[in-house]
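Novice: got a structure for you, letters missing:
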């Protein structure tokens, strides 16, 4: 099994519409993926792709340190527009925080809550993702590679639509107790397309939080 078993298919246009309607993303509760990810929480080391927004002096961001056998790679250029860059970075931070909650085996971890809008569907989504790992006795290992990032601003610039691809072909599950890695053969199920709606925080200048997240499974358009 894979991590993203609570996903819904969505087009980028549908996500852009959310910017105008403020509708929440759905969650079908299905469980038809072929991998679940896992990683040892020992030998912790910093993520190889730290957020550039961690340098924002007025924001006390949660520190997320991952084990040495897990890496998130974000292959993208930094947008020239400051708001677009901040929205993209914190969308990545939200995804990173879900993985961090899995590594910590804590469905109430503060990381994903920091990077999501309180009461929003994205926060509920993150909790469910983490909880199914905790319940299954799994954690994460391997490499996730994120590419083809795109950001579109809406309205007065306080909301943004962020999208990117995810290649999980080298991302696996690991049983917490036995350390057994749950490898499978590469397939179209290794690829996902993310649509995320972000909102500029009213409390912390420079922080963007995730309102909704929709993920297309078997996103073959994301294959290299």
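Specialist: Received the coordinates, thanks. Just so you know, these numbers come straight off a predicted model, no measurement behind them.
Novice: could you give me the average pLDDT of the longest helix anywhere in the chain?
Specialist: Longest helix in the chain, counting residues (DSSP state H): helix 82-104. Taken as a whole, helix 82-104 has a mean pLDDT of 98.
Novice: List the buried residues for it?
Specialist: 83-104 (16 or more other Cβ atoms under 10 Å). Where you see a C-beta, it was placed from the backbone N, CA and C, and this is true even at glycine.
Novice: So the most centrally placed residue in the chain versus residue 158, what's the distance?
Specialist: Closest to where the C-alpha atoms of the chain average out (Cα atoms, centre = their mean) is residue 95, at 1.8 Å. Applying Cβ to Cβ, to the nearest Å, the value for residue 95 to residue 158 is 21 Å.
Novice: do residue 111 as well
Specialist: Here residue 111 is placed at a distance of 23 Å from residue 158 (Cβ to Cβ).
Novice: more crowded one of these two?
Specialist: Higher neighbour count among residue 111 and residue 158: residue 111, with 23 against 15, using other Cβ atoms under 10 Å.
Novice: Is it correct that the more buried one falls within a helix?
Specialist: Yes: counting by DSSP: H, G, I helix; E, B strand; the rest coil, one finds residue 111 located in a helix.
Novice: which non-adjacent residue is nearest it?
Specialist: Excluding the flanking residues, the one nearest residue 111 by Cβ to Cβ, 6 or more residues apart in numbering is residue 97, at 3.6 Å.
Novice: Could you verify my assumption that residue 117 touches residue 123?
Specialist: Yes: at 6.8 Å, residue 117 counts as touching residue 123 under the criterion of Cβ atoms under 8 Å.
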